[in-house]
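Asker: build me a structure from this.
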Amino acid sequence: MHSPLYKAALCSTLFLAASTARGQIINFDNLDDAFIPDGYHALTWEQIYPVNKNDTTAPGYQVGTTSGEVAAFSAYPQAKISASPETPFNVISANFTSVFHTQSLRLEGFAKGVQKYITPYYNITPDSSLNISIDFQNIDQLIITSDASQHWVMDDFEFNFINPIPEPASLGTLLGALALGAMLKRTPS
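Answerer: Take a look at the predicted model:
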């Protein structure tokens, strides 16, 4: 039978380990080139480019850059974010803004070529950024479709991989908890 201290340590460890599995937020601020390189955050970006809000006067770019000075944009009817089918990801949310006129966006999630998710069309304007909670699980491709083929902006793209490589802090917490559990188990009651 385990002591209350042992149980408390185990519960705390499990809570800490679970709390480190949050999504990663991409705000694009470390980009300064005319394209988003393949492999940026281990993803492939098609028809999506970085834009610095200080390099343009279009109102949607200013409003759509919700953190920092750089966001992602597309001027195509369809844009894609993908990963290898062996490394599926979850999409949690993102901020979207139209650059010039009101338009509608739809998001679709695919796994190994099969559509798993589709959202209704969301109206976006140049006047405000819309945070869309996407919550697509276990996909390898996200397709963003515009009904108007107009420029749109995306910022604060939140996602995570299904089987992430543990961060050093998470791994250290887990190892420390296991060592603590082993010590507590050996201590006679």
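
Asker: and after the lowest-mean-pLDDT helix or strand in the chain, which helix or strand comes next?
Answerer: Least confident element among the helices and strands of the chain, by mean pLDDT, DSSP states H and E: helix 4-19 (a mean of 47). Per DSSP states H and E, the first helix or strand lying C-terminal to helix 4-19 is strand 24-26.

Asker: not counting sequence-adjacent ones, nearest residue to residue 67?
Answerer: Spatial nearest neighbour of residue 67, excluding adjacent residues (C-beta to C-beta, 6 or more residues apart in numbering): residue 27 at 4.6 Å. Using the backbone N, CA and C atoms, a C-beta is placed for each residue, glycine as well.

Asker: how close does the one you found get to residue 157?
Answerer: To residue 157, residue 27 is 8 Å away according to C-beta to C-beta, to the nearest Å.

Asker: who has more neighbours, these two?
Answerer: residue 157 (25 against 19; other C-beta atoms under 10 Å).

Asker: SS state for that one?
Answerer: strand (DSSP: H, G, I helix; E, B strand; the rest coil).

Asker: which stretches of this structure form strands?
Answerer: 24-26, 44-46, 49-52, 70-74, 78-82, 89-98, 103-111, 114-118, 122-124, 130-139, 141-146, 152-161 (DSSP state E).

Asker: each with direction, which strands does the last one pair with?
Answerer: By that I understand strand 152-161. strand 24-26 (antiparallel), strand 70-74 (antiparallel), strand 89-98 (antiparallel) (DSSP bridges).

Asker: pull out the buried positions in it.
Answerer: 152, 153, 154, 155, 156, 157, 158, 159, 161 (16 or more other C-beta atoms under 10 Å).

Asker: residues contacting the fifth one?
Answerer: Applying C-beta atoms under 8 Å, 6 or more residues apart in numbering, we find residue 156 in contact with 25, 26, 27, 66, 67, 93, 94, 95, 131.
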